[in-house]
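Enquirer: What follows is a protein structure lacking sequence information:
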């Protein structure tokens, strides 16, 4: 059972104090968190990829390469690499280089990502995003495994006996398919015999558990060895304090501020139904005392059969984030 | 007078021993060289960008981000960023992130780059490469300076009030225009009031000095203050040994091997005339004793009026490369 921490590098005013830290300071916090995660014995540290506000994680390879130099042991994740928005040749070059500089500590989690602004930035449409994701992954996978690649691509110039450098360090690299909601991603993962990361952001566990069942069924359908299957499960929303009441009190204004921010910036908003669901189910969001959150993580593991768990902190306060990591690591270590 | 060392991260068999190091070891050497350059008091360390053999420098931002974590003072250069091959939005995101992680130690040198294979990889033609370079730079420059950008682009999807994150650390960043041979680059640099890096790879100094004169003329034509002009001059080929004879003896097989490699892999070959020129002018290539090479660097500075000098080592032997850096730093420090 492995434990990974991730960040999407959100950058916006503190929901309680209203203070907006500098971009530079926010990056420093991420580097500090990565070093802390290694010191506390976490198995992995991940950086998301978003090309729109309020995130500043548009270049996870550059951030992870820096983290690689500041750490020695911890595995480095992306969560997720939005291949539908990228040229797979450039993505391959960046990740193969990072693979060397990290001494083979790289895992990728890929996904179509979401967000209207970032789709518009790269002129990707809701209609073609799945095809882009699949094509980019197929080219990326071939480039990683073969010295020469020929590919009749639709979304980037075609490749004919193309050689792309450097050749990678790990052969193959582990590529997880991140899936919030889609059978398409699950099917792509099963087809290639790749591991699956089910990322439960705001909803109850059950629909994700169903997707994982579907994945196991497709895995066998494509003729892969059931013993080789690997599943991860993740959730946004880690906030651990000494007592559950303290954690919930600290979390509520953050949650309210998230909703207000989404409304103010015209970002896709949760429906009233979703919102009630989330508020009713604060207990599924890993907010609480160390014992309570560790129990919830074990429930997530049991419901999904996950081998690896991935969480992202929700607090905007660096000190509280560090404390969350420390408290959880201590409790987790006892189990 | 500043002194910068760069590498294109060539990766091929040692011309004397025939031994090919692993890709991973080659990257380690580059990181060692960067740390050594800082220890020896060099002003900058640069990584080139090439997307074809025999180079493994397809991702300079990932390499420089790692170097940024291993160093504290030295400025980080690209040499050159091949903007004609890149989406300027993705390039902006990578460099703005690197700018933060390096604490504002980033300088860019941009250029169209060259090489048939890398043009084919991105379907860039000899006909459109200048227009691509100019368009990419204009978009990159706007993204760096403005929070919202609208651009009627030909070579990537158009931008309408696009916001791209993170906002950068340095405002503005210094962008040098690298120019081996072209008045187009010189004119672009002068138009924007940007500094110029004249990169003399294999030829005598005179044509480069003429280009720099042209740059100074265009600089004033565009109405910029002559006191603000900045020029750099660079050359491939540093190899310093205790005596000039020792350096020349070590360099000759490397030079012969370079020619053979180019022939074998169908790369653009030097003409017989160029080759003779280079062989006749070994003395212009910064190969020799510390005193001789320092004299040559001073000649390059005087002929070009350069404020910054940039050289790349030519040896394939790590020990000899380290020795070259050490000997030159010692001599340079005495002047």
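Expert: Happy to help now that I have it. Model, not experiment: these values are computed from the prediction. Numbers count the residues shown, from 1 in each chain, chains lettered A, B, ... in the order given.
Enquirer: Just give the number of residues close to residue A:261.
Expert: The tally of other residues near residue A:261 (other Cβ atoms under 10 Å in any protein chain shown) stands at 16. Placement of C-beta: from N, CA and C, glycine included.
Enquirer: same question, residue A:61
Expert: Neighbour count of residue A:61, defined by other Cβ under 10 Å: 27.
Enquirer: pLDDT of the helix or strand containing it, averaged?
Expert: Assigned by DSSP states H and E, residue A:61 belongs to helix A:60-70. Helix A:60-70 shows a mean pLDDT of 98 in the predicted model.
Enquirer: Okay, angle between that helix and helix B:60-70 too, please.
Expert: 30 degrees (axes from the mean of the first three to the mean of the last three Cα atoms, to 10 degrees).
Enquirer: what sits up against helix A:60-70?
Expert: The contact list for helix A:60-70 (Cβ atoms under 8 Å, 6 or more residues apart in numbering or on different chains) reads A:9, A:27, A:30-31, A:34-35, A:45, A:47-49, A:57, A:76, A:78, A:81, A:94-95, A:97-98, A:101-103, A:105-106, B:59, B:61-63, B:65-66, B:68-70, B:94, B:97-98, B:101.
Enquirer: Can you give me the buried ones in stretch A:96-112?
Expert: Within stretch A:96-112, the residues that count as buried by 16 or more other Cβ atoms under 10 Å in any protein chain shown are A:96-102, A:105-112.
Enquirer: Same list, the residues you listed, but only the ones touching chain B.
Expert: Here is what survives when these are matched to chain B using Cβ under 8 Å from any Cβ of the partner chain: A:96-98, A:100-101.
Enquirer: Angles on the backbone of residue A:7, please.
Expert: For residue A:7, the backbone dihedrals are phi -140, psi 150 (criterion: degrees, to the nearest 10).
Enquirer: surely it meets residue A:50?
Expert: No: judged on Cβ atoms under 8 Å, residue A:7 makes no contact with residue A:50 at a distance of 10.8 Å.
Enquirer: Overlap of the contact sets of the two?
Expert: Common contact partners of residue A:7 and residue A:50 (Cβ under 8 Å, 6+ apart): residue A:57.
Enquirer: For residue A:182, give its distance to residue A:207.
Expert: Going from residue A:182 to residue A:207 by Cβ to Cβ, to the nearest Å gives 11 Å.
Enquirer: swap in residue A:53?
Expert: Applying Cβ to Cβ, the value for residue A:53 to residue A:207 is 28 Å.
Enquirer: Residue A:224 too?
Expert: Per Cβ to Cβ, residue A:224 is found 24 Å from residue A:207.
Enquirer: wait, what's in contact with residue A:36?
Expert: Residue A:36 makes contact with A:322, A:325-326, according to Cβ under 8 Å, 6+ apart.
Enquirer: what residues does stretch A:174-191 touch?
Expert: By Cβ under 8 Å, 6+ apart, stretch A:174-191 touches A:79-80, A:107-112, A:114, A:130, A:133-134, A:137, A:140-141, A:194-201, A:207, A:211, A:214-215, A:218-219, A:221-222, A:224, A:232.
Enquirer: At which residues are the strands of chain A located?
Expert: Assigned by DSSP state E, chain A shows strands spanning A:2-7, A:44-47, A:75-78, A:106-110, A:149-151, A:159-162, A:174-179, A:196-200, A:231-240, A:287-288, A:308-313.
Enquirer: need these in TSV with mean pLDDT and distance to residue B:165, can you?
Expert: Output for the strands of chain A, formatted as TSV (pLDDT from 0 to 100; distance: least, Cβ to Cβ, whole Å):
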stretch	mean pLDDT	distance to residue B:165
strand A:2-7	88	15
strand A:44-47	95	14
strand A:75-78	96	17
strand A:106-110	95	21
strand A:149-151	98	31
strand A:159-162	97	30
strand A:174-179	89	21
strand A:196-200	80	22
strand A:231-240	82	19
strand A:287-288	88	27
strand A:308-313	78	18
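Enquirer: Next, format those strands as CSV and append distance to residue A:118.
Expert: As requested, the strands of chain A are exported to CSV (distance: least, Cβ to Cβ, whole Å):
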stretch, distance to residue A:118
strand A:2-7, 17
strand A:44-47, 16
strand A:75-78, 15
strand A:106-110, 15
strand A:149-151, 25
strand A:159-162, 25
strand A:174-179, 16
strand A:196-200, 17
strand A:231-240, 18
strand A:287-288, 28
strand A:308-313, 18
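Enquirer: Just want to know which of residue A:53 and residue A:207 has more residues nearby.
Expert: residue A:53 (18 against 13).
Enquirer: these two touch, right, the more buried one and residue B:163?
Expert: Yes: taking Cβ under 8 Å as the definition, residue A:53 is a contact partner of residue B:163 at 6.5 Å.
Enquirer: Pull up the overlap in contacts between those two.
Expert: Contact criterion Cβ under 8 Å, 6+ apart; residues shared by residue A:53 and residue B:163: residue A:117.
Enquirer: so what does the lengthiest helix in chain A touch, helix or strand wise?
Expert: For chain A, the longest helix by residue count, based on DSSP state H, is helix A:244-264. Counting contacts by 3 or more Cβ pairs under 8 Å, 6 or more residues apart in numbering or on different chains; DSSP states H and E, helix A:244-264 packs against strand A:231-240, helix A:272-280, strand A:287-288.
Enquirer: The same query, at a cut-off of 7 Å, please.
Expert: Judged by 3 or more Cβ pairs under 7 Å, 6 or more residues apart in numbering or on different chains; DSSP states H and E, helix A:244-264 is in contact with strand A:231-240, strand A:287-288.
Enquirer: right, and those strands - which one's nearest chain B?
Expert: Chain B sits nearest to strand A:231-240 of all those, at 19.4 Å, using Cβ to the nearest Cβ.
Enquirer: Between strand A:106-110 and the closest one, find me the angle.
Expert: Orientation check (the same axes, to 10 degrees): strand A:231-240 against strand A:106-110 gives 90 degrees.
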